[in-house]
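Undergrad: need coordinates for the following:
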Amino acid sequence: MGATVRGYDEGWRVMGRRTAGRRAGPRRGRTPVAVVAVLCTTGALGVTAAVPGQAAATPSTVGAGHGLGEGARTETVSGSPALGAPLLSSAGDPDPYGFAEDARTVEGADGTTGAVRLEPGGTYRSSIAKDGKLYYRLELDAVSNAYVSVTAVPAPGSEVSAADGIKVSVQEADGSTCSAKAAHIGATQSPHPVAASAFREIGRTEYVCQEAGTYYAVVERSGPPVSASDDWDLELGYTTEPRLRQAGATNAPRTWNSVPPQALQGEPRRRPGGTGFSTAVPLGEGVWRTGLEAGRTLFYKVPLDWGQQLYATAELGSTDSGGRYVGTALSVALYNPVRGFVEDVGTGYGGSRRQAVLPAPAPVAYENRYAISARTSGMRFAGSYYLVLHLGARVAEKSGGAPLDLTLRVGVSGEARGGPAYAGRSVPRDAFEVTPKDRAEAAGAVAGASAGGGADGSGGVSASGDPVMKWVAATGIGSGCALTLTLAGWTAVARRRGSAARAGTARTPGG
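TA: Next comes the predicted model:
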């Protein structure tokens, strides 16, 4: 609505200049009513109104998924996709991944010499060839933990196998490995984004990766010889975590409640997903619904504070279409705030309703990092946890290319409690916190907000991305214009009467 307000203010300034001209002397031109009518029409067109429950008249070009408020129809909403409709690029093809708008494009080096430096808090775009190995430089201090995430994006329609994937490691200048993680396409054997995160931790060992200096993030692409030879796009992120003011427990919990609470009931609220981590759509506890086409991947984020635990179930609706049974049709993966893999689950599909229940991970706790399994160690800090859902391309034989109905049941248990006493701040700021804005977006109080904040990427909700806000904007402009037109009409009548009176007075002396 910021742009609309500026246009409206500008309209008043234009009116003021024209009114001042009339005061200076007689002048022919548009009446105030005509001026206001033009301004109001321009303002109304500036906000394509999408009244809840009614499709917008002129849909805009869709770039990334946005959340919709409860009750809003999804057939055609300006700035938002229809339920289950593919997000289209300029070429008209499904957008495989929504990169961060502020991502800087860099080129990985074949060795340590000439490796480009990554800055904490930065997001970067790159690419890697088949069997490629790339280096990116890090300058680390001796007191902070450093996390480097890499999301690999195979091209839509490319040939991939379950073993195709990437390996990410953080290494010292001498080649010693601090940590290494891998990610693979998996059982769907369908091209989709996969992510892995490696790190340098302070205090875990006394022997390697504890000194300040130059380190390297190394990205390797792996796969069988028969894999496709096309390049994969990459999105890299770099986050730092400050040390604790005082050392705490180093024993990870061994048991926790893995029994999900009573199944959530109620009418599902429609919430299309994003196309990448940076455009992930916020979700809170509740039942959510969208459509998912074969070959597509959806991204959601759920805020989890210290002490809270996540439960998630994805359900595919039934279809009458033919086709064979697909062994692993839907995959559901959970990633932590630095895009580190936590766990995943899959399910087959043969046309009848199927569920994929994510095993309940450990409640969020700092000491989880000392566990061996990713399912526990990945739940090491508060922040946004990502649910990534992919429907295998082979399901198109079963669905006929139409989107399948997808229902997400998300539960969050446990009271939020205070976190560890950090000795500084993370970079980016609030990376390991749950803010009031995060909670409001997840609860649907700020419908349509994306990973960066507003649906327009501005950090706040705008009329261009939220149908409810569009309705408010259109209503406000309509009411304001109606009042302004009325006042302008009265002004025009008064001026005509005043002009007639002055004209009569001027003619009297001359008879």
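
Undergrad: C-alpha only now, for contacts and for neighbours.
TA: Will do.

Undergrad: for Tyr370, give me phi and psi.
TA: phi -90, psi 0 (degrees, to the nearest 10).

Undergrad: how about it, nearest residue that isn't a chain neighbour?
TA: Ala252 (5.4 Å; C-alpha to C-alpha, 6 or more residues apart in numbering).

Undergrad: and stretch 306-320, what's buried?
TA: 306-319 (16 or more other C-alpha atoms under 10 Å).

Undergrad: just the closest of these to Val410, please.
TA: The shortest gap between Val410 and any of the buried residues of stretch 306-320 belongs to Ala312, at 4.6 Å (C-alpha to C-alpha).

Undergrad: pLDDT score for that closest one?
TA: Ala312 is assigned 96 on the pLDDT scale.

Undergrad: can you tell me the element it falls in?
TA: Here Ala312, judged by DSSP states H and E, is contained in strand 309-316.

Undergrad: for that strand, list the C-alpha coordinates in PDB.
TA: Taking Å, rounded to 0.1, in the frame of the first residue of the first chain, the C-alpha atoms of strand 309-316 are listed here in PDB:
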ATOM      1  CA  GLN A 309       8.700 -29.800  19.200                       C
ATOM      2  CA  LEU A 310       7.300 -30.200  15.700                       C
ATOM      3  CA  TYR A 311       4.800 -32.800  14.400                       C
ATOM      4  CA  ALA A 312       3.900 -32.800  10.700                       C
ATOM      5  CA  THR A 313       1.800 -35.000   8.400                       C
ATOM      6  CA  ALA A 314       1.300 -34.700   4.600                       C
ATOM      7  CA  GLU A 315      -1.700 -36.300   2.900                       C
ATOM      8  CA  LEU A 316      -2.300 -36.800  -0.800                       C
END
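
Undergrad: partners of it, with directions?
TA: With DSSP bridges as the test, strand 309-316 is paired with strand 354-358 (antiparallel), strand 404-413 (antiparallel).

Undergrad: now these as CSV including mean neighbour count and mean pLDDT?
TA: Putting the strands paired with strand 309-316 into CSV (neighbours: other C-alpha atoms under 10 Å; pLDDT from 0 to 100) gives the following:
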stretch, mean neighbour count, mean pLDDT
strand 354-358, 18, 95
strand 404-413, 21, 95
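
Undergrad: quick one: contacts of the strand holding Ala312?
TA: Here strand 309-316 makes contact (C-alpha atoms under 8 Å, 6 or more residues apart in numbering) with 260, 304, 332, 353-364, 404-414.

Undergrad: low-scoring stretches of the stretch 251-400 of the chain, by residue?
TA: Along the stretch 251-400 of the chain, segments meeting pLDDT under 70 span 322.

Undergrad: hey, where'd the helices end up in it?
TA: 374-377, 396-399 (DSSP state H, counting those that start in this stretch).

Undergrad: okay, the ones you listed in TSV with distance to Ala198 next?
TA: Listed next are these as TSV, based on distance: least, C-alpha to C-alpha, whole Å:
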stretch	distance to Ala198
helix 374-377	12
helix 396-399	35
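
Undergrad: between those helices, which gets nearest to Ala183?
TA: helix 374-377 (12.6 Å).

Undergrad: can you tell me which helices and strands that closest one packs against?
TA: On a contact count with 3 or more C-alpha pairs under 8 Å, 6 or more residues apart in numbering; DSSP states H and E, helix 374-377 meets strand 341-349.

Undergrad: just the closest of the buried residues of stretch 306-320 to Gly419, please.
TA: Once C-alpha to C-alpha is applied, the member of those that ends up nearest Gly419 is Trp306, at 5.8 Å.

Undergrad: quick one: the closest one and Met379 touch, right?
TA: No. With contact defined as C-alpha atoms under 8 Å, Trp306 does not count as touching Met379 (9.6 Å).

Undergrad: for stretch 162-176, how far is the first residue from the last?
TA: 29 Å (C-alpha to C-alpha, to the nearest Å).

Undergrad: hmm, who's touching that stretch?
TA: Contacts of stretch 162-176 (C-alpha under 8 Å, 6+ apart): 148-150, 152, 177-189, 194, 196-200, 208-209, 214-224, 227.

Undergrad: which of these fall in strands?
TA: Using DSSP state E, the members of the contacts of stretch 162-176 that fall within strands are 148-150, 152, 177-184, 194, 196-200, 214-222.

Undergrad: which of the residues you listed are buried?
TA: Buried among the ones in strands among the contacts of stretch 162-176 by 16+ other C-alpha under 10 Å: 148-150, 152, 177-184, 194, 196-200, 215-222.

Undergrad: can you read off the pLDDT for Gly454?
TA: Gly454 is given a pLDDT of 33.

Undergrad: list the contacts of the closest residue to His390 other than its chain neighbours.
TA: Nearest residue to His390, sequence neighbours excluded (C-alpha to C-alpha, 6+ apart): Thr297, at 4.3 Å. Counting by C-alpha under 8 Å, 6+ apart, Thr297 touches 96, 192-193, 275, 388-391.

Undergrad: please flag which of the residues you listed sit within strands.
TA: 388-391.

Undergrad: out of those, which is most surrounded?
TA: Within the ones in strands among the contacts of Thr297, most neighbours by other C-alpha atoms under 10 Å means Leu391, with 28 neighbours.

Undergrad: can you give me the distance of that residue to Leu334?
TA: 15 Å.

Undergrad: now do Gly401
TA: 26 Å.

Undergrad: and the two? Which one has more around it.
TA: Leu334 (24 against 15).

Undergrad: just checking, that one touches Tyr386?
TA: Yes. With contact defined as C-alpha under 8 Å, Leu334 reaches Tyr386; the gap is 5.6 Å.

Undergrad: related to what we said a few turns ago, wait, which of the strands paired with strand 309-316 is closest to Gly111?
TA: Of the strands paired with strand 309-316, nearest to Gly111 by C-alpha to C-alpha is strand 354-358, at 39.4 Å.

Undergrad: relative to strand 341-349, how tilted is the closest one?
TA: 170 degrees (axes from the mean of the first three to the mean of the last three C-alpha atoms, to 10 degrees).

Undergrad: what's in contact with strand 354-358?
TA: 311-318, 330-332, 343-348.

Undergrad: show me where the stretch 51-200 of the chain has strands.
TA: Using DSSP state E, counting those that start in this stretch, the strands found in the stretch 51-200 of the chain span residues 104-105, 123-128, 133-140, 145-153, 165-172, 177-184, 194-200.

Undergrad: which of these sits closest to Gly248?
TA: For Gly248, the closest of these is strand 145-153, at 15.7 Å, according to C-alpha to C-alpha.

Undergrad: list the pairing partners of that closest one within its sheet, with orientation.
TA: Short version: by DSSP bridges, strand 145-153 pairs with strand 194-200 (antiparallel), strand 232-241 (antiparallel).

Undergrad: hang on, the earlier thing: between the buried residues of stretch 306-320, which is nearest Leu140?
TA: Using C-alpha to C-alpha, Trp306 is the member of those that sits closest to Leu140, with 26.8 Å.

Undergrad: ok, now which ones touch that closest one?
TA: Counting by C-alpha under 8 Å, 6+ apart, the residues that Trp306 touches are 363-365, 381-382, 416-419.

Undergrad: now, of those, which are buried?
TA: By neighbour count, with 16+ other C-alpha under 10 Å, these hold 363-365, 381-382, 419 as buried.

Undergrad: hang on, the earlier thing: quick check: the gap between the residue nearest to Tyr370 and Tyr366.
TA: Taking C-alpha to C-alpha, one finds Ala252 at 9 Å from Tyr366.

Undergrad: neighbour-wise, which of those two wins?
TA: Tyr366 (21 against 18).

Undergrad: how many other residues sit next to the spatially closest residue to the more buried one that is not a sequence neighbour?
TA: In space, and not counting its chain neighbours, Tyr366 is closest to Arg380: 4.8 Å by C-alpha to C-alpha, 6+ apart. Neighbour count of Arg380, defined by other C-alpha under 10 Å: 23.
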